[in-house]
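Q: can't give you the sequence, but here's the structure:
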Ligand SMILES: Cc1cc2nc3c(=O)[nH]c(=O)nc-3n(C[C@H](O)[C@H](O)[C@H](O)COP(=O)(O)OP(=O)(O)OC[C@H]3O[C@@H](n4cnc5c(N)ncnc54)[C@H](O)[C@@H]3O)c2cc1C
């Protein structure tokens, strides 16, 4: 299929980008990696009158640590974080998630922010960012603000972004303590979206107790979800067989998977329990 016709703009600054968004309103669409937008345009699910290509906006490239956060610019591709050795010790969930996204072609082009804005409930980054308690940096006509990831996802394919706002970066709080993480995903075939996926990010204090536990659930509801009861239960406890078992059962209470061609809701819920249990067992062994 061919997309319908559109005008093309390549702004060089964020301000110019916002000006174009204001000019075109809902008829204007930002183009980042194009890995979700272009398939939708080819299917004519999306028919924007104007494509606003942000790839030439220098300020949106790269990542850096500043003011207690890791700031990942909007044009950071999945592949940029896949083997980034400088981030593996403190932010292990980044590489562990990136390697599960699609195939090398999609990973080399698609961006993390684009994935978050697309807001597919089956987005692996959605779950990972929930587990890492990310904030999305949003720029609009009235300036810059930070939106906690739990408030960013509003509904399937819908975020809290206004039509004249851009997600300029995603911010991860720098961990204080030892970090262990796992991304677990079951897919029908290599490179597919998840039947379900689970992101686990655990920060251990030096006395051995859990300072923070983050669990993001992928393909378990209308939006990426947080397994909050399991998180709250683990904080202040040690990771042992009993707490791991209890947390994995509590995580099921936050999930609302649908029965579909990929499996029944009961099957997915059990998978979720097994994934959280395995993830925590592996993290416990690693953080010993
Ligand atoms: C074959 C294939 C397999 C895939 N498999 C997986 C998978 O296994 N797991 C997974 O999680 N995803 C998967 N995806 C989805 C893909 O990884 C992401 O959705 C994609 O990378 C989105 O990023 P992008 O930069 O390509 O966004 P684009 O396609 O350019 O844009 C997506 C949407 O976000 C908007 N947008 C983009 N960036 C911004 C911004 N900075 N600010 C405001 N709006 C913005 C666009 O206007 C558009 O509406 C797959 C995609 C394909 C094509």
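A: Perfect, I can see it now. If you're wondering where the values come from, they're calculated on a predicted model, not measured in any experiment. Residues are numbered from 1 along each chain as shown.
Q: C-alpha from now on. contacts and neighbour counts both.
A: OK.
Q: buried stuff in stretch 278-288?
A: When burial is assessed from 16 or more other Cα atoms under 10 Å, stretch 278-288 yields the following buried residues: 278-281, 283-284.
Q: with stretch 162-172 instead?
A: Neighbour-count burial for stretch 162-172 [16+ other Cα under 10 Å]: 163-172.
Q: now do stretch 99-117
A: For stretch 99-117, using 16+ other Cα under 10 Å, the buried residues are 99-102, 106-107, 109-117.
Q: before we move on, what about stretch 28-41?
A: 28-38, 41.
Q: how far out from the middle of the chain is that stretch?
A: Per Cα atoms, centre = their mean, to the nearest Å, the displacement of stretch 28-41 from the mean C-alpha position of its chain is 17 Å.
Q: before we move on, the earlier item: in helices only, show me the buried residues of stretch 278-288.
A: Using DSSP state H, the subset of the buried residues of stretch 278-288 located in helices is 278-281, 283-284.
Q: returning to that earlier point: so which of the buried residues of stretch 99-117 are also by the ligand?
A: 101-102, 106, 110-111, 113-115, 117 (Cα under 6 Å from any ligand atom).
Q: need the residues you listed in a markdown table with secondary structure, can you?
A: Listed next are these as a markdown table, based on DSSP: H, G, I helix; E, B strand; the rest coil:
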| residue | secondary structure |
| --- | --- |
| 101 | coil |
| 102 | coil |
| 106 | helix |
| 110 | coil |
| 111 | strand |
| 113 | helix |
| 114 | helix |
| 115 | helix |
| 117 | helix |
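Q: what's near enough to touch residue 19?
A: Residues counted as contacts of residue 19 (Cα atoms under 8 Å, 6 or more residues apart in numbering) are residue 164.
Q: and the gap between it and the ligand?
A: 13 Å (Cα to the nearest ligand atom, to the nearest Å).
Q: for residue 35, same thing?
A: For residue 35 relative to the ligand (Cα to the nearest ligand atom), the value is 3 Å.
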